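Colleague: Mind folding the following:
(chains A, B and C)
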Amino acid sequence: MKALALSPARLRGIEVFFWLALASSFFLLPDKLTLMSQIMIFGLFAVSLDMALGYAGILTVGHAAFFGAGAYAAGLLAKHGWSEPFSGLLFALLLCVALGYVLSYLVVRGADLTRLMITIGVCMLLAELANRLSSITGGTDGLQGVVIAPVLGLFEFDLFGKTAFAYAYGVVLVVFIGVRRVLRSPFGLTLRGIHDSRKRMLAIGSPVEARLRLAYALSAGVAGIAGALLAQTTQFVGIESIGFNRSAEVLIILVLGGTGRLYGGMIGAIVYMLVHDWFADLNPEYWMFWLGIFLIAAVMLGRGGIMGALSRLVKTGRAS
Amino acid sequence: MNTAALRTRGLGISFGEFRAVDDVNLRLEPGARQALIGPNGAGKTTLINLLTGVFRPTHGTIHMGERELTTLSADKRARLGLARTFQINTLFPSLTPLLSVVLAISERDGLGAVWWRPLKRHTATFDEAHALLGRLKLDALADVPVAELAYGKQRLLEIALAMAARPRILLLDEPAAGVPEDESGELFEAIAELPQDISVLFIEHDMNLVFRFSRRISVLVAGRILTEGSPAEIGSDPRVREVYLGHGAAHV
Amino acid sequence: MGIVIFDGVAYGMLLFLIGVGLSITMGLMNFVNLAHGTFAMVGGYAASVLMNHFGVGFFPSLAAAFVAAAGVGAVLELCFYRRLYRAHPLDQVLLSIGIVFVSVAVFTYVFGPTLQAFQLPPLLDGRVSLLGLEVGRYRLFLIACGVAVLAALLVVLGKTRYGAMVRAAVDNQRVAGGTGIHVQRLFFLTFSLGCGLAGLGGALSLGMLGLEPSFPLKYLVYFLIVVCVGGAGTITGPFVAALLVGIVDVAGKYYLPQAGAFLIYVVMIIMLLARPNGIIPRKGLA
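Modeller: Numbers count the residues shown, from 1 in each chain, chains lettered A, B, ... in the order given. Sure, this is the predicted structure:
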């Protein structure tokens, strides 16, 4: 199949179209706004994982630790008196960046195996912590009674999810643009260099571990924002937002859309959540089974995800 | 007292019982053009790896000027002005020559962690990169993906990456390795045009290169320095001939 | 307190039995197999079905568990694992997650989500007096099994030709292949052996941990801790780590019920900081 050539201007056009299309669901899919909000939130979560995995090359199946931490942070803040949404996001961001930075000292050293293990272990540790401190977190019942004040003091969170959708859309768009900016900065180039050849990076004087720690911390922060968004828009924090299953799920979403490509996480989330939504109506118990089959098939039949397949079909004229 | 750009004392590394490098006292003067030769398996690349910090020595010390390098990490040494090229191309396959050099310059200037400003704004970096690529006749290929470059051009890029750091000491590990005849001319030129104030130590098997560019040669055999001297001295030393060609060698 | 330590040791033995196969697999084949718990589960359910539905005795069921798990391991190795030995760790992780998910779903469907019923055989029921303590016979049996397997593995790997081949391949796969060792076949045998041991461990855990379809996920982190803290590719490393994990976990839950399961993660982090390459870093399998 002949590859299409796309100029940067064309690409820009497609990007704008993508975001406009997403925005239009506000009008076109009024019954599905909650689903659309969740798609964007998980899309952002997957993009944060991509920063760690696709760009910094840190294999982690424990990223839900930050998603959950952000969710609980925002939820607890609101529950205990401070319910302004944007400051809740900021709080979650700062907390998760700090948490990510501290954990990066464990995660960035050592071989793939140990690192993978640590990420899983830390995630499960936090999940266990959330479980144990049920008087604070609500344990397996989840954190309830999270009340969020109206956005900008004007727009109340309504039952139809309209405010939630607009709020989530705005935040996700802004953060996404931020992530894009980071990936196109000198730091983004550094990450690509590390991904290509760590040895070479050391030889040109790059403190590789310090750079990876920064990447991990930033990706933790973005994951935290996604988690906080979920808490704020659903006014609830479930304990499954912090466990292994959620980490595995976001990994699958990212791989589905394609790692190392800016929109991979978003595309993956759209496909995954839509399929999940449709399927869950039919056969909720069989979801895990078919997901597993899909994974096995995807690995055995070659990878790259949806974005990988797309990039083989479409040439963008950029060395990336 | 010590004017040496790079100096080792009793440098050695053992892997278990095996002494890959043993009691090496090497001295690199400022502005040197020094070659390190020796048969295969003599430990030349191991020595370079010791100097650059890829390996930690089990014995001895390394000094750069007054500064001791022995326990410093590889990237720290690079930041202090010690650059190297690799025997096997170690480049950034998914980048272009331009971006690769930009990256090297960016790290040198401490911009590697700047995550809030677009890369494109750093025009000075890009200008410098273009200039460097121009000096090595790579400018025409600035935007070609590295993976698609001809082998000889990749070897030139190896040197470009090392030069981007504005090093004081340059360690070249077999720069001409595997480069076909028709591409080696450019490489030789690039090496000839290296700034005079940089100290260069290069490993080479290609005797043309060695005798053309070096003012001093060190011979490494089985991890130890056999002898050192000017090209004339080494060229006429029977021990060196023996080491390379065995007994009864007619000529080098 | 003696009882707590004793129980901890027994629990550790169980973790060792299941985890040692993972250590060998990770060390030998460099394969990140998050689905290792699945093989334990296969063995556990095999034994359970034989005992509950067919009235087969406990000890024959253990043997059957080993064989069943080894068999499933062999089939999966042939179909999937062997194609991914040189693949990116991400692919390996995804494949193993896929296998876990499928197995958990299938076993939930077939057996239901509740714990499997288990009847202790009369021989292993009750207590016996040991060193002035009244200890459970079953736990004593577990410890005996663990030690026996440790000894057997050390003998096989240290003194037999097969063992020498495995050790060579762990040290340097390419060179080992170059000396004529049939690396592919070696992997196949060793992987199946590892799975079989996991199956044995799974069957044994019927009497101590309980078996339900979420077993592979529930205990995943424990196997990983044992292997990574102990040192992938060694036998004695996981043995020591398993003892540590077992004792800390049981003692933690007993003395600090609030902190409970939490404590083991803290210990894991400390151990990995202190010894990132494992308690007994790899210098050949021993």
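Colleague: hey, let's count contacts and neighbours off CA atoms from now on
Modeller: Fine.
Colleague: how about the residues of chain A near chain C?
Modeller: Residues of chain A lying near chain C by CA under 8 Å from any CA of the partner chain: A:59, A:106, A:110, A:112-114, A:117-118, A:120-122, A:124-125, A:128-129, A:132, A:248, A:252, A:285-286, A:288-296, A:299-300.
Colleague: Which members of those residues are classed as buried?
Modeller: A:59, A:106, A:112-114, A:117-118, A:120-122, A:124-125, A:128-129, A:132, A:248, A:252, A:286, A:288-296, A:299-300 (16 or more other CA atoms under 10 Å in any protein chain shown).
Colleague: who does the helix or strand containing residue A:277 touch, helix- and strand-wise?
Modeller: For residue A:277, the element it lies in under DSSP states H and E is helix A:264-282. Other helices and strands packing on helix A:264-282, by 3 or more CA pairs under 8 Å, 6 or more residues apart in numbering or on different chains; DSSP states H and E, are helix A:33-50, helix A:244-257, helix A:287-300, helix A:305-313.
Colleague: Which other helices and strands does the second one contact?
Modeller: Of the remaining helices and strands, those touching helix A:244-257 by 3+ CA pairs under 8 Å, 6+ apart are helix A:33-50, helix A:64-79, helix A:112-132, helix A:264-282, helix A:305-313.
Colleague: average pLDDT for that helix?
Modeller: The pLDDT scores in helix A:244-257 average 91.
Colleague: Now chain A against chain C: closest residue?
Modeller: residue A:292 (3.8 Å; CA to the nearest CA).
Colleague: That residue is in contact with residue C:98, isn't it?
Modeller: Yes: when contacts are counted by CA atoms under 8 Å, residue A:292 is listed as touching residue C:98 (3.8 Å).
Colleague: Contacts made by the host helix or strand of residue B:50 with the rest, please.
Modeller: Here residue B:50, judged by DSSP H and E, is contained in helix B:44-52. Residues from elsewhere that reach helix B:44-52, judged by CA atoms under 8 Å, 6 or more residues apart in numbering or on different chains: A:203, B:20-21, B:36-38, B:55-57, B:62, B:74, B:77-78, B:82-84, B:171, B:173, B:203, B:220, B:223.
Colleague: one more time with 7 Å, if that's ok
Modeller: Applying CA atoms under 7 Å, 6 or more residues apart in numbering or on different chains, the external contacts of helix B:44-52 come out as B:21, B:55-57, B:74, B:77, B:173, B:203, B:220.
Colleague: Out of these, which sit inside strands?
Modeller: B:21, B:173, B:203, B:220 (DSSP state E).
Colleague: what about the closest residue in space to the first one that isn't next to it in sequence, neighbour count?
Modeller: When you say that, I think you mean residue B:21. In this structure, residue B:21 finds its nearest non-sequential neighbour in residue B:223, 3.9 Å apart by CA to CA, 6 or more residues apart in numbering or on different chains. Neighbours of residue B:223 under the rule other CA atoms under 10 Å in any protein chain shown: 22.
Colleague: which residues sit in contact with residue B:223?
Modeller: Counting by CA under 7 Å, 6+ apart, the residues that residue B:223 touches are B:20-22, B:42-43.
Colleague: Over to residue A:196?
Modeller: Per CA under 7 Å, 6+ apart, neighbours of residue A:196: B:92-94.
Colleague: Would you mind getting the angle between the helix or strand that the helix holding residue B:50 is followed by and helix B:44-52?
Modeller: Using DSSP H and E, the helix or strand that follows helix B:44-52 in sequence is strand B:59-64. Strand B:59-64 and helix B:44-52 are oriented at 60 degrees to each other (axes from the mean of the first three to the mean of the last three CA atoms, to 10 degrees).
Colleague: Which neighbouring elements make contact with the helix or strand following strand B:59-64?
Modeller: Next along the chain after strand B:59-64, taking DSSP H and E as the criterion, comes strand B:67-68. On a contact count with 3 or more CA pairs under 7 Å, 6 or more residues apart in numbering or on different chains; DSSP states H and E, strand B:67-68 meets no helix or strand.
Colleague: okay, and for the stretch 101-250 of chain C, where does confidence drop off?
Modeller: Judged by pLDDT under 70, the stretch 101-250 of chain C has no weakly predicted residues.
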